[in-house]
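1. Quick one, what's the 3D model for this:
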Amino acid sequence: MAYRVMLIENDRLLLEQLAQAVQSAEGFQLVARYQSASDALGQGKLFKPNIILLNIDNQDGATLMEQFTRVYPEAAIICMSEHSQAEGVSSMVQAGAKGFIIKPFSAEELKESVETFAKSGMEVSSHVMTFFSPKGKSGKTTLIANLALALGRRTQEQVGIIDADLQFGDMMAFFNLKPKATIVEAVHEIRYMSPVTLNSYFEKVTDHVHVLCGTSAPNLIDRVSIDGFENVVRMARNLFRYILIDVPPGFTPTSISAAELSDVTYVVTMLNGGYELQHTKRALEIFKDWQDYDKRVKPVFTRVTPCDIASQRRLEQALGEPVEAVIPNAYQIVSEAANNGSMAVDIEPDSELSQSVNRLAEKVIGHHHIRWDKP
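-> Modelled structure (predicted):
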């Protein structure tokens, strides 16, 4: 079945150019084109479009989205602009747009854009998670990698990992990736991107999990501006159902920015018999400045032995608040998996580690009825 496209572009010459691109795209049928948005709203329903390419340059995009989503509730609206602004793109998607494309575009670019938005689940908003640790050696990288695979496998939706531990990120090595581009290039070029072009900066791990790798050298940290990083996260929301951000330990500009942008921040602490609980308490006190702290900040402890409901309850009592997850000490399994180029949830799906990660994945997805004391 062909995509039935309605095109709205104010500039007459550009309208003709874009119309040719739509007509040349395999599987696309141009059923109507307008220079005026009001004409499209008043006359276009006759043509029953299932995709609307809507120009938002020099116009009130929010108002247009409200009008078009009301008149065309069954159509996928893709905004068009001559420039990409990540924050503006994000606001349009939140208002109901299913994607964004920079004009002018070719037939191939249009087809790739629609396929990308369809694959990422255009109608679903994304869930962004930051994994923060008060100090280093928390086990959060291991947790992120395995949790991402679990989410992808369980939901069959797109999962993106952003390695924002800008000096000593391990995702590249963890997944044995050799990226053509990293977060450095993505941040530097984000102002010229659309979601589709940003997608090419993520390295494929599986059909459902992709990674934006960290810097290739610690001294490149200065090339990653906070504004650019924030725009990358905002635009990535249009590509992935779940986004997991690995940040450097402690309260750095990057970790603070990532936490502010996230729906949930997991404070991850590895138990080594020292002052880890005190460090976690001090970190949580800082996060408590947020009015919605109870919903947005969730403690997670790794290397918990024994890893059972009783240990979780003891940690909650010592911490003075709920603990979202406890993860067992599984160094041997993780090492064996890494040596085989795999993840622990793959090589030993029935292990205590895999079960703990899968339970956390279920909580992320929303199945809060699952009990930690059940296998």
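2. longest helix of the chain?
-> helix 140-155 (DSSP state H).
3. After that one, which helix or strand is next?
-> strand 159-163 (DSSP states H and E).
4. Show me what that next one is packed up against.
-> In terms of contacts (3 or more Cβ pairs under 8 Å, 6 or more residues apart in numbering; DSSP states H and E), strand 159-163 is packed against helix 140-155, helix 171-174, strand 209-212, helix 226-236, strand 242-246. Backbone N, C-alpha and C define where each C-beta goes, glycine included.
5. is it possible to export these to a markdown table including mean pLDDT and distance to Pro306?
-> Formatted as a markdown table, the helices and strands packed on strand 159-163 follow (pLDDT from 0 to 100; distance: least, Cβ to Cβ, whole Å):
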| stretch | mean pLDDT | distance to Pro306 |
| --- | --- | --- |
| helix 140-155 | 91 | 18 |
| helix 171-174 | 84 | 27 |
| strand 209-212 | 95 | 30 |
| helix 226-236 | 91 | 37 |
| strand 242-246 | 96 | 27 |
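6. any chance of these in JSON lines, plus mean neighbour count?
-> Compiled in JSON lines, the helices and strands packed on strand 159-163 are given as follows (neighbours: other Cβ atoms under 10 Å):
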{"stretch": "helix 140-155", "mean neighbour count": "24"}
{"stretch": "helix 171-174", "mean neighbour count": "20"}
{"stretch": "strand 209-212", "mean neighbour count": "25"}
{"stretch": "helix 226-236", "mean neighbour count": "21"}
{"stretch": "strand 242-246", "mean neighbour count": "26"}
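7. Take these and lay them out in JSON lines including distance to Phe131.
-> JSON lines is the format used below for the helices and strands packed on strand 159-163 (distance: least, Cβ to Cβ, whole Å):
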{"stretch": "helix 140-155", "distance to Phe131": "4"}
{"stretch": "helix 171-174", "distance to Phe131": "11"}
{"stretch": "strand 209-212", "distance to Phe131": "14"}
{"stretch": "helix 226-236", "distance to Phe131": "14"}
{"stretch": "strand 242-246", "distance to Phe131": "6"}
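8. Any idea which of those gets closest to Tyr201?
-> Among the helices and strands packed on strand 159-163, strand 209-212 comes nearest to Tyr201, with 5.9 Å by Cβ to Cβ.
9. Can I get the closest one in PDB, CA atoms only?
-> The C-alpha atoms that make up strand 209-212 are tabulated as PDB, following Å, rounded to 0.1, in the frame of the first residue of the first chain:
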ATOM      1  CA  VAL A 209      19.800  -1.300  20.400                       C
ATOM      2  CA  HIS A 210      22.100   1.500  19.200                       C
ATOM      3  CA  VAL A 211      25.000   3.300  20.900                       C
ATOM      4  CA  LEU A 212      26.300   6.900  20.500                       C
END
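10. what sits opposite the residue sitting nearest the centre point of the chain in the beta ladder?
-> With distances taken as Cα atoms, centre = their mean, Ile243 lies nearest the centre of the chain, 2.7 Å away. Ile243 forms beta bridges with Val128, Gly160, as assigned by DSSP bridges.
11. Measure how buried Val5 is and give me the count.
-> Val5 has 27 neighbouring residues, counting by other Cβ atoms under 10 Å.
12. element containing it?
-> Using DSSP H and E, Val5 falls in strand 3-8.
13. which residues touch whatever helix or strand comes next after that strand?
-> Moving toward the C-terminus from strand 3-8, the next helix or strand (DSSP H and E) is helix 12-24. Helix 12-24 has contacts (Cβ atoms under 8 Å, 6 or more residues apart in numbering) with 5, 7, 9, 28, 30, 33, 35, 53, 80, 103-107, 109-110.
14. what's the angle between helix 12-24 and strand 3-8?
-> With axes from the mean of the first three to the mean of the last three Cα atoms, to 10 degrees as the basis, helix 12-24 and strand 3-8 are set at 180 degrees to each other.
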